[in-house]
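**Student:** Test case, fold it:
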Amino acid sequence: MKRLMILSVIIASILYSKEDKVIVSINGLESAGLSKRYINYAQYTIQEISLDLEETVSKMIGDKYSINIHFTAYEAVENTINVARDSLNIIIKTVKDKYPDEDLVTHSISHPYKGIQGVIIGKVQIQVNIDNSINLDKSIDISKKSSEIFDWIFMDLQDCHECISYNNVDMDSINEKNTLTLNRDDIYDDSWAVIIGIDKYKYSDQLNYAVKDAEAVKDMLISKFDFPEKNIRYLTDEEATLSNIKLALDDISSSADANDRVLVFYSGHGETEQNNDGTETGYIIPVEGRQDKPYATGLAMDEILRTCQMSNAKHMLFLMDACYSGLMTENVKGISTPQVEGYLSKVANEKARQIITAGGGDEQVIERDEWQHSAFTKNLIEGFDTWEADYNKDGCITADELSTYLRENVTEDSDFQQTPQDGRFRNSGGGEFVFFGTRDTQIEAEVSLIKEKQVEDAKDEQSINKYKYQITASTTLESLALYKKSERQLKSGGILAVSGFLFFIDTGSSSSNNILKVVGVIGSGIGILYNLAIKSKAEKKYNSIKDIDNKDEKEGLAYNHLVFLADEAKRNRQYKMVTHGAISAYSLINGTEKRDEWGDELRSNSSLYNGLLNGALAWYHYKVLSKEEKALENYSNQP
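**Tutor:** Numbering: from 1, shown residues only. Just a heads-up that it's a prediction; the model follows:
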């Protein structure tokens, strides 16, 4: 009994502490023109911002606040790492001028270690709620601190006078309003599902875990979300023929009534076919289908769309653990945002036809023995087991929240080889397919998190802190600059030694020898002064960024300088390689010539030795990277 009480306290403390005080939502990244890689960068930036902001404010007033940031992307610019600041400002202004009636701001897209990679221009609304119990002076201090962070997030936020609102509120009453007030029975009368998993294809490549994926999803729907087993059509391997799949879809879609939900899960091969008009059509491949003949043997997304149009169901969600494009979707925004009061009631009662696929047409589904699942299904199950896919902590998980969770975690688990895609079918409403959690579901999730935390704590400290000692671009540039400085000093020392040797060596008493000695010493002195006074390019580049306070800007510029120095050093190395190679070839050709027995013999041997020496130097410059190239390579190839 005592252990049970302790566990209850731990669960309660996690439920209390894990509540997000800073909620950041960002919409429209894909429609703004961002590629998958830059969407991942943007999500990283948002995550870091949330943590920094929450840590800063929580240190000041504990949990007596909440911050909601909602950003809608209008347009985006990628690959800005080599764009001058003035040029970038002109680009940003050009975009803003397209929307004269909107107060737009700019958000920087940052790579974890390579600085600013691009910008997103869009509209932001920031709401800061501070509890009434916090005194006025501390509230003002919080406003100043948070404004500094907001200005760092959005570089031109100071120009938007209505983007931020600070409110003194009763946080207890707000938290009460945010508690779950709807359950599944309020939204759905019944739940239906079609679940398909195919490993043993007759004419296509075999898979390993598609059937296990389907089985796990079936068990989850029944045990966690009360899908009646009699309402589930379950097809695996030889049962999953084209005709059986179409019959199951027709049966379920026609059986569902106007207040029901339908979920379709498919794990197997997907293919994309290019059409002559430049469009694409996606296909799922049944057990007897051929990957090289998707049109003749597969189920086209057109037919999936037709299934959606035929069904009376309020909500339909297609979870397709296959990579393909041509989804027959369109850009349809939701009817509201999660921070708006009444959001759940609105989206749960509007029609929705949504789809989430494991990746795009040019990607492959990743399966691993250690998971016993694909990356997509592994994270689908974990998102519900831990309830971490419930981003706004309202007790339910919408299809949009699930898609965001899968995009973040599948992309990371697959080492950026696949990124889930989502969309709404044509004429889909603005609603949301909703997974409702029970109290038991959420307690199970918290217990799971406790276990995960214990496992993490038991890991090797070096593994946990693998990024603690991460090499940054600025430290790499600093090391290169120090090396170049030492190299200058060493050269000066060498010249000084030669100068001393020339000065003290006995060359006789002739005036010409004395003049040569003086000239040599003076030349050496000039060489020493030059090497000591004139800094290398690496030193100059580092000095130009070492005092910059903004970490992202500093890292971005440092990375640019590393690339510039490496490119220049590579060109110099290639020039030396070609030069020595040409001298070597010329010398070797002359080295084979013999015009007489004495003079030309000596000369041709000398040419031969010269050719071999220059050949060795050419090979050296071909094989051995410069210090600048090695610095960039070591930085880029770190874990």
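
**Student:** who's in contact with L88?
**Tutor:** Shown in contact with L88 (CB atoms under 8 Å, 6 or more residues apart in numbering): 77, 80, 119. C-beta here means a position set from N, CA and C on the backbone, and glycine is covered the same way.

**Student:** no wait, N275
**Tutor:** By CB under 8 Å, 6+ apart, the neighbours of N275 are T281.

**Student:** Phi and psi next, for it.
**Tutor:** phi -100, psi 160 (degrees, to the nearest 10).

**Student:** any idea how far F318 is from it?
**Tutor:** 21 Å (CB to CB, to the nearest Å).

**Student:** And S584, by the same measure?
**Tutor:** For S584 relative to F318 (CB to CB), the value is 65 Å.

**Student:** higher neighbour count, the two?
**Tutor:** More neighbours surround F318 than the other of S584 and F318, with 26 against 20 (other CB atoms under 10 Å).

**Student:** For that one, give the beta-bridge partners.
**Tutor:** Beta bridges link F318 to V264, I355, judged by DSSP bridges.

**Student:** any idea of the pLDDT on it?
**Tutor:** pLDDT recorded at F318 is 93.

**Student:** pLDDT at S243, what is it?
**Tutor:** The predicted structure scores S243 at 94 on the pLDDT scale.

**Student:** typed the wrong thing, it's Q417
**Tutor:** At Q417, the pLDDT value in this model is 83.

**Student:** so what's it closest to, chain neighbours aside?
**Tutor:** I366 (5.9 Å; CB to CB, 6 or more residues apart in numbering).

**Student:** The one you found touches Q418, doesn't it?
**Tutor:** Yes: here I366 reaches Q418: they are 5.9 Å apart, a contact under CB atoms under 8 Å.

**Student:** shared neighbours of those two, which are they?
**Tutor:** A375.

**Student:** okay, the two: which has more neighbours?
**Tutor:** Q418 (24 against 19).

**Student:** How much space separates that one from K93?
**Tutor:** With distances taken as CB to CB, Q418 is found 37 Å from K93.

**Student:** what's the answer for K623, then?
**Tutor:** 48 Å.

**Student:** With neighbour numbers in mind, choose between those two.
**Tutor:** With neighbours defined as other CB under 10 Å, K623 and K93 compare such that K93 has more, 11 against 8.

**Student:** Can you give me the buried ones in the helix or strand encompassing that one?
**Tutor:** For K93, the host element (DSSP states H and E) is helix 85-97. Residues of helix 85-97 classed as buried: 88, 91-92, 95-96 (neighbour count, 16 or more other CB atoms under 10 Å).

**Student:** what does stretch 56-69 give?
**Tutor:** 57, 61, 64-69.

**Student:** Surely N168 is within a strand?
**Tutor:** Yes: per DSSP: H, G, I helix; E, B strand; the rest coil, N168 lies within a strand segment.

**Student:** need the strands for the stretch 51-200 of the chain, in chain order.
**Tutor:** 65-78, 105-111, 115-131, 164-169, 191-197 (DSSP state E, counting those that start in this stretch).

**Student:** what are the pairing partners of the shortest one, and which direction each?
**Tutor:** Next to strand 164-169 in the sheet, as set by DSSP bridges, lie strand 115-131 (parallel).

**Student:** cool, and the last one?
**Tutor:** Partner strands for strand 191-197, per DSSP bridges, with pairing direction: strand 232-236 (parallel), strand 261-267 (parallel).
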